[in-house]
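Colleague: how would this look folded up:
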Amino acid sequence: MTAVHKFKTKQLRELRQKSKKDLLKQVDELKKELHQLRVAQVSGGAPAKVANIRTTRKNIARIFTIISQITKQKVRDECKRQKKTLLPLDLRPKLTRRERLRLPNELRFKKTPKQRRLIKKFPRRKFAVIDGDTPLAPKVKQANIEAVLTQKKPANRYHAYLKQKRQSQRVLLSRRRPIKNDKRAQKKQQK
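Modeller: The predicted model follows:
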């Protein structure tokens, strides 16, 4: 009986190249070895043999893992070759239950017409947060407030208010200008 060691990465690569029959033969050999180690444990054998039980069990598990990985990969390839859209449940990504049941991205953020209207009428408000403990220059405060409130969106009420205010100022300025055909203005100029 040889000394049992944990499989190295090189050995694991070699195991992946073997066929399923060869792997199952190796599992049988390891199981026989494990049986002998357990007998030695019961009969009070050397502590070195008893310590090898764990590594033998783990090696058997490693081989079974490789076998399952190989078979799953073959099934994946077969499904891909047959162009199946749905994979068997054990081949699908595990994720969490919440992630599996979540809506697809194209439907997740879709809004109803009513929701769209409400968002347009009542956009999310943004406030300039100014800490009262640290004094800011008045110009900086004003710039912060304007930066937050004056975003050029048609739904922004402050923007609409500013637009209306500018228009009314333009109208007032245009009325104040002297009209060239005004008779009173012409008489004053002649005197």
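
Colleague: any idea how far R57 is from the spatially most central residue of the chain?
Modeller: Against the mean C-alpha coordinate of the chain, by Cα atoms, centre = their mean, the closest residue is E99 at 10.7 Å. From E99 across to R57, the span is 34 Å (Cβ to Cβ, to the nearest Å). (Each C-beta comes from the backbone N, C-alpha and C, glycine too.)

Colleague: run through the neighbouring helices and strands of the strand or helix carrying A40.
Modeller: Secondary structure from DSSP states H and E places A40 in helix 20-42. Contacting helix 20-42 under the criterion 3 or more Cβ pairs under 8 Å, 6 or more residues apart in numbering; DSSP states H and E are the following elements: helix 47-81.

Colleague: report the helix or strand with the lowest average pLDDT across this structure.
Modeller: Of all helical and strand segments in the chain, the minimum by mean pLDDT, DSSP states H and E falls on helix 183-190, at a mean of 65.

Colleague: rewinding a little: and the helix holding A40, what's its mean pLDDT?
Modeller: Mean pLDDT, helix 20-42: 93.

Colleague: give me the residues contacting it.
Modeller: Here helix 20-42 makes contact (Cβ atoms under 8 Å, 6 or more residues apart in numbering) with 1, 4, 15, 18, 45-46, 49-50, 52-53, 56-57, 59-60, 63-64, 66-67, 70-71.

Colleague: whichever of these end up buried, select them in ChimeraX.
Modeller: A single ChimeraX command selects the buried members of the contacts of helix 20-42 (16 or more other Cβ atoms under 10 Å):
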select :4,15,18,49,52,53,56,59,60,63,66,67,70
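
Colleague: C-alpha coordinates for stretch 60-70, CSV please?
Modeller: Extracted in CSV, the C-alpha atoms of stretch 60-70 (Å, rounded to 0.1, in the frame of the first residue of the first chain):
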residue,chain,number,x,y,z
ILE,A,60,-12.5,10.1,-3.5
ALA,A,61,-14.7,13.2,-3.3
ARG,A,62,-12.3,15.1,-5.7
ILE,A,63,-12.6,12.3,-8.3
PHE,A,64,-16.4,12.3,-8.0
THR,A,65,-16.4,16.1,-8.4
ILE,A,66,-14.4,15.8,-11.6
ILE,A,67,-16.8,13.1,-12.9
SER,A,68,-19.8,15.4,-12.3
GLN,A,69,-18.1,18.4,-13.8
ILE,A,70,-17.2,16.4,-17.0
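
Colleague: all good on my end, thank you.
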